[in-house]
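Q: return atomic coordinates for the entry below.
(2 chains)
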Amino acid sequence: GNSVTQMEGPVTLSEEAFLTINCTYTATGYPSLFWYVQYPGEGLQLLLKATKADDKGSNKGFEATYRKETTSFHLEKGSVQVSDSAVYFCALDFGNEKLTFGTGTRLTIIP
Amino acid sequence: NAGVMQNPRHLVRRRGQEARLRCSPMKGHSHVYWYRQLPEEGLKFMVYLQKENIIDESGMPKERFSAEFPKEGPSILRIQQVVRGDSAAYFCASSPLRGGNQPQHFGDGTRLSIL
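A: Here you go, the predicted model:
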């Protein structure tokens, strides 16, 4: 079946540090890939997406590239801010209306 | 532009009672999805509905849980005879069309606590 494996958290970084959150997937075929962010007490917000191999999604300084050869979609940001503290979810979708999520990675940025 | 609206934000029920969770999709969206998030876990798909139709309920527990999306009004997730294990955050999402190119937009969730 389809599955998403995310880097275990929690992750704690200092402000302006470089961020990588790893995400790999298992799927038969070529899904669309997403990163969602969840701030405390809120729902999930779409951060970025990629729908085919080699696509790069980007938003708010975050980037992720769809790598078919390594079945990965790692999230990166060059310089994190305190306001980036949240839980980040990697997810995939085959267009069958059923998002499959990873377990989430809690990120805390300290000033 | 109102987003996906869920209510109530918090719901407390005693064991054996019924819980009703409501979701109004974004304007122009006719596809609704329900997910459950247990503490410290990711979201798990429960059910996908279009107006007056259940399209996929493969993630829904077979007993006590039901969902509907009537022609008029919000989508309702109903849990009968709640138990402690039903305590979770329940999120609704909507999209305008089928397919992976139409990302789902999420509400802020209903946090259900069972006493």
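Q: dump stretch A:42-49 to PDB, restricted to CA.
A: Output in PDB follows, covering the C-alpha atoms of stretch A:42-49 (Å, rounded to 0.1, in the frame of the first residue of the first chain):
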ATOM      1  CA  GLU A  42      -5.100  25.200  14.000                       C
ATOM      2  CA  GLY A  43      -5.800  23.000  11.000                       C
ATOM      3  CA  LEU A  44      -3.400  22.100   8.300                       C
ATOM      4  CA  GLN A  45      -2.300  24.700   5.700                       C
ATOM      5  CA  LEU A  46      -0.900  23.700   2.400                       C
ATOM      6  CA  LEU A  47       2.800  24.800   2.300                       C
ATOM      7  CA  LEU A  48       3.800  23.600  -1.100                       C
ATOM      8  CA  LYS A  49       3.200  20.800  -3.600                       C
END
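Q: so which bits of chain A are right by chain B?
A: Applying C-beta under 8 Å from any C-beta of the partner chain, we find that chain A lies next to chain B at A:31-32, A:34, A:36, A:41-46, A:49, A:51, A:89, A:93-104. The way it works is simple: take the backbone N, C-alpha and C, and place the C-beta from them, glycine included.
Q: can you report phi and psi for the residue in chain A that chain B sits nearest to?
A: Nearest residue of chain A to chain B, counting by C-beta to the nearest C-beta: A:Ser32, 3.3 Å away. When read as degrees, to the nearest 10, the backbone of A:Ser32 gives phi -80, psi 150.
Q: quick one, helices of chain A?
A: For chain A, helices defined by DSSP state H do not occur.
Q: ok, which stretches of it are strands?
A: Here chain A has its strands, by DSSP state E, at A:3-6, A:11-14, A:19-21, A:23-26, A:32-38, A:44-50, A:56-59, A:62-65, A:75-77, A:86-93, A:100-101, A:105-110.
Q: how about chain B?
A: Assigned by DSSP E, the strands in chain B fall at B:5-7, B:10-13, B:19-24, B:31-37, B:43-50, B:53-56, B:65-68, B:75-79, B:88-95, B:105-106, B:110-114.
Q: so what's the gap between the shortest one and the chain middle?
A: What that stands for is strand B:105-106. 11 Å (C-alpha atoms, centre = their mean, to the nearest Å).
Q: does it reach chain A?
A: Yes - applying C-beta under 8 Å from any C-beta, one finds strand B:105-106 in contact with chain A at B:105-106.
Q: give the contact list for A:Leu33.
A: By C-beta atoms under 8 Å, 6 or more residues apart in numbering or on different chains, the residues touching A:Leu33 are A:23, A:25, A:49-51, A:57, A:64, A:66, A:73, A:90-92.
Q: filter the residues of chain A next to chain B down to the buried ones.
A: Applying 16 or more other C-beta atoms under 10 Å in any protein chain shown to these, the neighbour count classes A:31-32, A:34, A:36, A:43-44, A:46, A:49, A:51, A:89, A:93-94, A:97-104 as buried.
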